[in-house]
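Q: coords below, sequence missing:
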Ligand SMILES: Cc1ncc(CO)c(N)n1
């Protein structure tokens, strides 16, 4: 760099290159309708029950990342990822409370097709051959899509219904944003030292997550 003070990171370059897709994932009509106050509550309840299933699958996904991280021996990464493992327990309780509040019976929910597809994708990461760099990239962008989507719902000018503010705060809070930024720094550090083909496959993981996230919002808003 020539002293401009701006660091050209790999993740920043991808965000720019795939901006249109990133915006389709983070400014989806479903989450924008939460911010506008026009959200269809039956769609919200569908999202809630489907995401509970997703988060249960996400537990083993995060565990597999923690495992890969420990094996490669970076202590500071381990503490950040362990924070993610620790907060998922609270998240599951949150889903149960929220479901009770909305009269959603979590025991009788079957995953819809887009959710199944996403869960199968998560399951593939438990395989040993999947590198830590690819896994942590995937983890970072999964969390970031929610952070950006729900953060927008509590930014200035929102008309988010009060009963949905708790949901938006969960992923839109400054603390969650910092956590995502910590993950992003890990990703950029891993990729800075990775061979070109590893960077390429991490980029494919990044765009695949964006597609899956768009599919998840679509499913929530239209039951596809
Ligand atoms: C579908 C989906 N993507 C991301 C997150 C963030 O944890 C979530 N809970 N669900």
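A: Everything's here; your move. In this text, all values refer to a predicted model and were calculated from it rather than measured experimentally. Numbering: from 1, shown residues only.

Q: can you list the residues of this structure near the ligand?
A: Residues of the chain found near the ligand (CB under 6 Å from any ligand atom) are 51, 54, 55, 142, 143, 145, 146, 213, 216. Where C-beta positions appear, they are placed from N, C-alpha and C, glycine not excepted.

Q: buried ones among these?
A: 51, 54, 55, 142, 143, 145, 146, 213, 216 (16 or more other CB atoms under 10 Å).

Q: element containing the first one, please.
A: Using DSSP states H and E, residue 51 falls within helix 41-72.

Q: now the element after that helix, going C-ward?
A: Next along from helix 41-72, by DSSP H and E: helix 75-102.

Q: so which elements touch that following helix?
A: helix 41-72, helix 132-153, helix 165-172, helix 174-192 (3 or more CB pairs under 8 Å, 6 or more residues apart in numbering; DSSP states H and E).

Q: to residue 23, which of those lies closest?
A: helix 132-153 (9.4 Å; CB to CB).

Q: can I get the buried ones among the residues of the chain next to the ligand in a markdown table including distance to residue 171 and pLDDT?
A: Formatted as a markdown table, these follow (distance: CB to CB, whole Å; pLDDT from 0 to 100):
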| residue | distance to residue 171 | pLDDT |
| --- | --- | --- |
| 51 | 11 | 98 |
| 54 | 13 | 98 |
| 55 | 12 | 97 |
| 142 | 11 | 98 |
| 143 | 8 | 97 |
| 145 | 9 | 98 |
| 146 | 4 | 98 |
| 213 | 12 | 98 |
| 216 | 14 | 98 |
